[in-house]
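In: coords below, sequence missing:
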């Protein structure tokens, strides 16, 4: 198998990557003959322990779009949209003209709480069928369905932050 490299910085990349994780450049996508969604994963940026005092939450939000997965680590935000100058995941939305160039921002705070904010998109951002008002952040939970415009939907996968109270037992007190 031939080694793939980023055309911008020449770093080694994987075949399914949408961006170079070294320099952040959008990678060209090969045309697909079948209708199967790409099994790619994209991430806006990696967290460096030196900036967060070494304490990094392992929580990661994953949005599963038809064109691939968008992963957002705790303490970061990703702009969803078609403009490659603005969004590091623009390649995932290149064929959806109804997705705005700057459509929505997905953020995960250091505690692992996720939210989405519509960036004044033309065709709207929706969570579980309810429209997100422009500029207002809406909390995301595991299993939510995020929709950009009319037909670009993703399931939210977010690890549970606290143990389920039903799974906790209390020793008998006599």
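Out: In hand now; what should we look at? Predicted model only: the values in this text are computed from it and were never measured.
In: what does stretch 103-117 contact?
Out: Defining contact as CB atoms under 8 Å, 6 or more residues apart in numbering, one finds that stretch 103-117 is touched by 52, 57, 59-61, 63, 70, 72-82, 93, 118-119, 121, 125, 127, 132, 135-141, 146, 148-149, 156, 158-159, 161. Glycine gets a C-beta too; all of them are placed from N, C-alpha and C.
In: Can you list the buried residues in it?
Out: 103, 104, 105, 106, 107, 108, 112, 113, 114, 115, 116, 117 (16 or more other CB atoms under 10 Å).
In: Equivalent analysis for stretch 128-148, please.
Out: Residues of stretch 128-148 classed as buried: 132, 138, 140, 144, 146, 147, 148 (neighbour count, 16+ other CB under 10 Å).
In: so residue 145 touches residue 152, yeah?
Out: No: under the criterion of CB atoms under 8 Å, residue 145 makes no contact with residue 152, lying 11.2 Å away.
In: quick revisit: where strands are concerned, which of the buried residues of stretch 128-148 count?
Out: Counting by DSSP state E, the buried residues of stretch 128-148 place 138, 140, 146, 147, 148 in strands.
In: rewinding a little: so which of the contacts of stretch 103-117 belong to strands?
Out: 60-61, 63, 70, 72-73, 76-80, 118, 125, 127, 137-140, 146, 148, 156.
In: Now that we have the contacts of stretch 103-117, which of them are buried?
Out: Buried by 16+ other CB under 10 Å: 57, 59-61, 63, 70, 72-76, 78-82, 93, 118-119, 121, 125, 127, 132, 138, 140, 146, 148-149, 156, 158, out of the contacts of stretch 103-117.
In: re the thing from before, which of the buried residues of stretch 103-117 sit farthest apart?
Out: Maximum pairwise distance among the buried residues of stretch 103-117 (CB to CB): 23.4 Å, between 103 and 112.
In: Where does the prediction get shaky in the chain?
Out: Within the chain, the stretches with pLDDT under 70 are 1-2, 29-59, 160-174.
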